[in-house]
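Undergrad: fold the following.
(one chain, ligands or ions: 2)
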Amino acid sequence: MEEPVTEEYTYIVVGGGIAGVTCAEHLYILHPEAQTLVLTATPLIKAVTNVLPLTKTLDTFEVEEHDPNTLQSKCPSVSVIQDCMARLDVEKQLVHTSAGRCFSYQKLCVCTGATPKVLAERGPHVVWLRDTESAQQFQTRIKDARRIMIVGNGGIATEMVYEVTGVEIIWAMKDKHMTAHFIDPGAAEFMQPELIREKDEGPTISKRRKYTVEHSSQISRTSLIGGSLGPDWHSGLKLKGKTERKIIMEKEVEVKRIFEPMEVMQLEEAITRLNSEEGEWPVYVELTNGKIYGCDFIVSAIGVTPNVSAVTTGNNFALGEDGGLLIDEKMRTTEKNIFAAGDVCSPGWQVAPHWFQMRLWTQARQMGSYASKCMWSSLAGEEIYMDFCFELFSHATKFFGHKVILLGLFNGQGLDGKYEILLRYTRGMEYIKCVMVEGRMQGAVLIGETDMEETFENLILNQMDLSEYGEDLLNPDIDIEDYFD
Ligand SMILES: Cc1cc2nc3c(=O)[nH]c(=O)nc-3n(C[C@H](O)[C@H](O)[C@H](O)COP(=O)(O)OP(=O)(O)OC[C@H]3O[C@@H](n4cnc5c(N)ncnc54)[C@H](O)[C@@H]3O)c2cc1C
Ligand SMILES: NC(=O)C1=CN([C@@H]2O[C@H](COP(=O)(O)OP(=O)(O)OC[C@H]3O[C@@H](n4cnc5c(N)ncnc54)[C@H](OP(=O)(O)O)[C@@H]3O)[C@@H](O)[C@H]2O)C=CC1
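TA: Ligands and ions are numbered 1, 2, ... in the order given. Now for the predicted structure:
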């Protein structure tokens, strides 16, 4: 067979999500004369807009889906090609694609994101949420649903429980309290009243410029490589079932078995555990606490796995414990001239005491930006220093309609339970938690319009001894910003 012609690029970025697009945009700023290729499996790419700095390490921003031309017209030396990286030849520095094309690079950045982990017993009744296509499928299924089961206790489960109306939801979680992946039991209790409230149904106005992927065959449902959605995944969707909203939380459980109706009816012992008024459901789930629920479908919201297979096949990349591409402090993988950023990577450097990885939009953007500097500097022979954003974990989001800001070791991560907590709590208004070790602030959770994020960010970063202030640190009558800003 004839070898394809090799098309030459200085930089290749694989992936059109936040990490990849940010990396390409910043490569253009740093090195506009270089030819950069963004190779992406999806027809639409992500773009960050309306960036508003909240603190030194924290921005709020919106993410839109765009036609690739938008990036190409903004950054003329950046080309976007919709194709899938099928094989990577690290020796010859070549990327081979599914369409049979071949590209050479001097520096490559892998930004292929992550794929949802799906319950082991996946089948036609198990769905997940990752990209535009899976969100649309969820919308289609929810409209005829009376009861669904959501499995997981992280970001997606939390947002889905809040956004979906007109359906009975069984929320099955491993933990003792909801949203444990992000918040502590106190904060969960603060949010609890919103759980039972039926969310106002405003008009479904899409904040995101909406593009419909017309040819769903372009990405097969099983390939799981669509670009990841973000905070506004629900805007523009109608997420209403056909009954009354009701939430049943099943805590400290996992899924034991998933049954088809025929199978469950054959199990006499199972029938006795079913609620007699239930009638027939398309699928049944047995939980580890012995309960069996019938439902219309199951949502698997149990986290993500880095999407590394396209690069690891035939190569020897070192991987982190969670299966991501291991990267050093210059975002380099263990293969020459190959960098990685976003959900696909696992930081292998000695991270700062108040930073850790969470696979979030914010970090995908920060890593994409820093990776571009690392790629450029390694080509130009320039010295660069680690970006300041890796000094402090910070995340701004919304849960149950409340603004949530997480800073540093906000859940005492890595402190082995050896910390004190300072708390200020006004029901329905605000929840402020500080994690303290020997009078120094290590992390904070801020829920509501607290306006404390900048002050607390400084206090965590500068590790000032706050012992003398004791609980007055959160005294609402003392304006601590005057002391510490
Ligand atoms: C429903 C949902 C809600 C979320 N909400 C939030 C939130 O509120 N806040 C937050 O901070 N984070 C949120 N996240 C997480 C956040 O979206 C991700 O962490 C972030 O988008 C990851 O960006 P990425 O660029 O690393 O990967 P992705 O966005 O997944 O992009 C990966 C890209 O690589 C491409 N690709 C994959 N394989 C190949 C290949 N072989 N060849 C070519 N291209 C390939 C894909 O097509 C895609 O374009 C949410 C995630 C989901 C699913
Ligand atoms: N507002 C935000 O910031 C949002 C962020 N996201 C991000 O999108 C990505 C996908 O979200 P999501 O899927 O919710 O993932 P998350 O990583 O947020 O949460 C996954 C949850 O599932 C639990 N889990 C893992 N395995 C099982 C299992 N077999 N059975 C039951 N529960 C299990 C985890 O528990 P454990 O940790 O104990 O393993 C954890 O509570 C994540 O990177 C997330 O951070 C998504 C939506 C909103």
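
Undergrad: I'd say residue 62 and residue 46 touch.
TA: No. Counting by Cβ atoms under 8 Å, residue 62 sits too far from residue 46 to count as a contact (10.6 Å). Heads up, the C-betas are built off the backbone N, CA and C, glycines and all.

Undergrad: the two: who's more crowded?
TA: More crowded of residue 62 and residue 46, by other Cβ atoms under 10 Å: residue 46, with 27 against 15.

Undergrad: for the more buried one, give me its contacts.
TA: 16, 17, 18, 21, 63, 64, 65, 66, 227 (Cβ atoms under 8 Å, 6 or more residues apart in numbering).

Undergrad: report how many residues lie close to whichever residue of the stretch 101-250 of the chain sits closest to ligand 2.
TA: Distances between the stretch 101-250 of the chain and ligand 2 by Cβ to the nearest ligand atom are smallest at residue 154, namely 1.9 Å. Residues lying near residue 154 (other Cβ under 10 Å) number 18.

Undergrad: which of the three states applies to residue 390?
TA: Secondary structure, DSSP: H, G, I helix; E, B strand; the rest coil: residue 390 is helix.

Undergrad: just give the closest residue to it, not the sequence neighbours.
TA: Counting by Cβ to Cβ, 6 or more residues apart in numbering, residue 390 lies nearest to residue 355, which is 5.3 Å off, once chain neighbours are set aside.

Undergrad: sticking with the residue nearest to residue 70 when sequence neighbours are not counted, tell me its helix or strand.
TA: With sequence-adjacent residues excluded and distances taken as Cβ to Cβ, 6+ apart, residue 70 is closest to residue 47, at 6.6 Å. Using DSSP states H and E, the element containing residue 47 is strand 45-53.

Undergrad: now do that strand: distance to the chain's middle.
TA: 16 Å (Cα atoms, centre = their mean, to the nearest Å).

Undergrad: equivalent analysis for stretch 327-335, please.
TA: Centroid separation between stretch 327-335 and its chain, computed with Cα atoms, centre = their mean, is 22 Å.

Undergrad: and that stretch, does that touch ligand 1?
TA: No. Stretch 327-335 lies apart from ligand 1 when judged by Cβ under 6 Å from any ligand atom; the minimum separation is 12.6 Å.

Undergrad: so what would you say the end-to-end distance of that stretch is?
TA: 10 Å (Cα to Cα, to the nearest Å).

Undergrad: how about that stretch: buried residues?
TA: 327, 330, 331, 332, 333, 334, 335 (16 or more other Cβ atoms under 10 Å).

Undergrad: ok, stretch 134-154 next?
TA: 134-135, 137-138, 141-142, 145-154.

Undergrad: one more: stretch 417-436?
TA: 422, 424, 430, 431, 432, 433, 434, 435, 436.

Undergrad: sorry, back to before: the residue of the stretch 101-250 of the chain closest to ligand 2 reaches residue 181, doesn't it?
TA: Yes. Counting by Cβ under 8 Å, residue 181 is a contact partner of residue 154 at 3.8 Å.

Undergrad: show me which residues of the stretch 101-250 of the chain sit near ligand 1.
TA: Going by Cβ under 6 Å from any ligand atom, the residues of the stretch 101-250 of the chain near ligand 1 are 111-113, 129-130, 155-156, 225-231, 233.

Undergrad: who wins on neighbours among those?
TA: So for those (other Cβ under 10 Å), the most neighbours sit at residue 111, 31 neighbours.

Undergrad: distance of it from residue 480?
TA: Taking Cβ to Cβ, to the nearest Å as the measure, residue 111 and residue 480 are separated by 40 Å.

Undergrad: same thing with residue 149?
TA: From residue 149 to residue 480 the distance is 44 Å (Cβ to Cβ).

Undergrad: coming back round to it: out of the buried residues of stretch 327-335, which comes closest to ligand 2?
TA: Among these, and counting by Cβ to the nearest ligand atom, the member closest to ligand 2 is residue 327, at 17.3 Å.

Undergrad: shouldn't residue 294 be within a strand?
TA: Yes. Residue 294 sits within a strand when classified using three-state DSSP.

Undergrad: ok, back up a step: the residue nearest to residue 390 and residue 391 touch, don't they?
TA: Yes. Counting by Cβ under 8 Å, residue 391 is a contact partner of residue 355 at 6.2 Å.

Undergrad: longest single helix anywhere in the chain?
TA: helix 361-380 (DSSP state H).

Undergrad: about what we covered before: in strands, which of the buried residues of stretch 417-436 fall?
TA: Using DSSP state E, the members of those that fall in strands are 422, 424, 430, 431, 432, 433, 434, 435, 436.

Undergrad: farthest pair in these?
TA: Greatest spatial distance among those (Cβ to Cβ): 430 and 436, at 18.6 Å.

Undergrad: what's the following helix or strand after the one helix or strand residue 194 maps to?
TA: According to DSSP H and E, residue 194 maps onto helix 185-196. Under the assignment DSSP H and E, the closest C-terminal helix or strand after helix 185-196 is strand 246-250.

Undergrad: alpha carbons only: can I get that following strand in CSV?
TA: Output of strand 246-250 as CSV, limited to C-alpha atoms (Å, rounded to 0.1, in the frame of the first residue of the first chain):
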residue,chain,number,x,y,z
LYS,A,246,-39.6,13.0,44.1
ILE,A,247,-36.1,12.2,45.4
ILE,A,248,-35.2,9.1,47.3
MET,A,249,-31.6,9.0,48.5
GLU,A,250,-30.0,5.6,49.0
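
Undergrad: list the buried residues of it.
TA: In strand 246-250, counting by 16+ other Cβ under 10 Å, buried: 247, 249, 250.

Undergrad: likewise stretch 377-393?
TA: Those would be 378, 379, 387, 389, 390, 391, 392, 393, for stretch 377-393 by 16+ other Cβ under 10 Å.
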